[in-house]
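Asks: sequence below, structure please.
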Amino acid sequence: MRRSSFRSGIHPYEGKEFSKDMKITELEADKIMTFPVSQHIGAPAGPIVKAGDRVLKGMKIAEASSFISSPVFSSVSGTVKAVEECHMISGTPSLAIVVENDFKDECAEGFGESRDSNSLSTEEIIKIISESGIVGLGGAGFPTGVKLSPKNKDSIDYIIINGAECEPYLTSDYRLLKEQTGNILMGVSIILRLFENAKAVIAVEDNKSDVIEELKKQCAPLEKISVMSLKTRYPQGGERRLIASVTGREINSHMLPADAGVVVVNTATVFAIYNAVCNSIPLIRKILTITGDGVNSPCNVDVPLGVSFAYVMEKCGGLKENTVKLISGGPMMGMAMPGLDFPVIKTSSSVLAITSDDVAKMQTTACIHCGRCVDACPERLVPQLMAAAALADDVERFETLNGMECIECGCCTYVCPAKRPLTQTFKLAKLAVRASKTAK
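Replies: Residues are numbered from 1 along each chain as shown. Modelled structure (predicted):
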């Protein structure tokens, strides 16, 4: 039985009004571009260029090193200055290819050439997607070619296009759906060719009514593509909740969506598939939302991968003097940024700048056993008991309480009147469980 929402979850302040009416604008590249080889889940890509080499726009500069990996392409033409270590926003190091842009914009052979997708076999489509460096652009970064190649292809009957964009403040997917409707539908049609028994559902939260109306209009003559309006509720766009809302099927951490006959693809990923298959353009750009009350000119901007966030912010009007915090992504699942000197990568989605940090002002007190965290948890867990086990370093009890099912959405932390850092506690506990299993 399908349902358009789920019990539990929360309704945080949306913050969409800052940037939702701002059309996507295109930003040119900077002088120095940095391309980390770890921009996805799986093994890092392996550099195939060295210092002094000349590269072209759309040229592969790092190749996939294993089955679950993804190549990296240069978004500019120029000269490789170094292959050296850089630090990601998460603090983890990654090898990176540094390119000095010559601003000649010379392209690799075949780059941008139109291609008839109907003339391609399913094997050729998968190969193009994999070799174009496309990964999940909703934040996870799982190689898309692998996702679209499940062992049970004939059992897949739902392709869900995740257009929920439930994370507060983010509007890049909304703008993409609004401005590139036809091309996204072409991308969906390409995915459907890979799954003979599937139909596609484009799932969008009902706070985007204009997009839903236009999608329904354009999908009317399409037999295998429909649109589903979802109630606006966080975390509606989370993979497990989305699958349940659209199909009524439930999965857990021990299952893949394919085990439930479903493949979930983010809106931006669909657009990247369209560009790769129809226009011979590998993944070299990303649409970001620059937003928050600490930004002078909130916007949605299409930027070349490898450019620094500092450059993007400068070109987008800069920060207000009273900005106190920067977040990569949204306020619920994003990550605090110590600065802006980091490269934009495939999984980048937003810079949120705020002038008042409520989290820093919180005074944590003891749990009052109010049960609000239980009511809010979309995975039907008991956060207060999980926290007690985690703080006691009792990894076995944490696992017994199904702690590994936590999706780290932040709902429990958001509603906790005692201001306890529950989500962060669970992240650390899950790491401890994995470390314990590895040790054994």
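Asks: who's sitting farthest from the centroid in this structure?
Replies: Within the chain, residue 368 marks the point farthest from the mean C-alpha position, 35.0 Å out by Cα atoms, centre = their mean.
Asks: quick one: residue 239 and residue 279, what's the gap?
Replies: 28 Å (Cβ to Cβ, to the nearest Å). No exception for glycine: its C-beta is placed from N, CA and C like everyone else's.
Asks: which secondary structure elements does the longest helix along the chain contact?
Replies: Longest helix of the chain, by residue count under DSSP state H: helix 422-439. Packing partners of helix 422-439 (3 or more Cβ pairs under 8 Å, 6 or more residues apart in numbering; DSSP states H and E): helix 383-391, helix 395-400, helix 411-415.
Asks: please spell out which residues along the longest one are buried.
Replies: Buried positions in helix 383-391, judged by neighbour count with 16 or more other Cβ atoms under 10 Å: 383-390.
Asks: so how far is that helix off the chain centroid?
Replies: Helix 383-391 sits 28 Å away from the centroid of its parent chain (Cα atoms, centre = their mean, to the nearest Å).
Asks: now do that helix, average pLDDT.
Replies: The average of the pLDDT scores along helix 383-391 is 97.
Asks: same question for stretch 163-181.
Replies: Averaged over stretch 163-181, pLDDT sits at 97.
Asks: same check, this time on stretch 329-349
Replies: 95.
Asks: buried stuff in it?
Replies: Buried residues in stretch 329-349, defined by neighbour count with 16+ other Cβ under 10 Å: 329-334, 337, 340, 342-349.
Asks: check stretch 6-25 too.
Replies: Across stretch 6-25, burial judged by 16+ other Cβ under 10 Å covers 6, 8-10, 12, 14-16, 18-20, 22, 24.
Asks: can you pull out the helices in the stretch 1-150 of the chain?
Replies: For the stretch 1-150 of the chain, applying DSSP state H, counting those that start in this stretch gives helices covering 122-131, 144-147.
Asks: picking that back up, closest to residue 275 out of the buried residues of helix 383-391?
Replies: Ranked by distance to residue 275 (Cβ to Cβ), those are led by residue 383 at 41.1 Å.
Asks: and the closest one, what is it in contact with?
Replies: Residues in contact with residue 383 (Cβ atoms under 8 Å, 6 or more residues apart in numbering) are 373-374, 377, 412, 422, 426.
Asks: widest-spaced pair of those?
Replies: With distances taken as Cβ to Cβ, the most widely separated pair in these is 374 and 426, at 13.9 Å.
Asks: more neighbours: which of the two?
Replies: A direct count of neighbours by other Cβ atoms under 10 Å for residue 374 and residue 426 places residue 426 higher, at 23 against 17.
Asks: measure that one to residue 385 for me?
Replies: In terms of Cβ to Cβ, residue 426 sits 12 Å off from residue 385.
Asks: shouldn't residue 234 be in contact with residue 13?
Replies: No: contact criterion Cβ atoms under 8 Å: residue 234 and residue 13 do not qualify, at 10.4 Å.
Asks: related to what we said a few turns ago, make TSV from the buried residues of stretch 6-25 and add distance to residue 195 to it.
Replies: Converted to TSV, the buried residues of stretch 6-25 look like this (distance: Cβ to Cβ, whole Å):
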residue	distance to residue 195
6	25
8	31
9	29
10	34
12	35
14	34
15	36
16	32
18	38
19	34
20	32
22	35
24	29
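Asks: now, those that are in strands?
Replies: residue 24 (DSSP state E).
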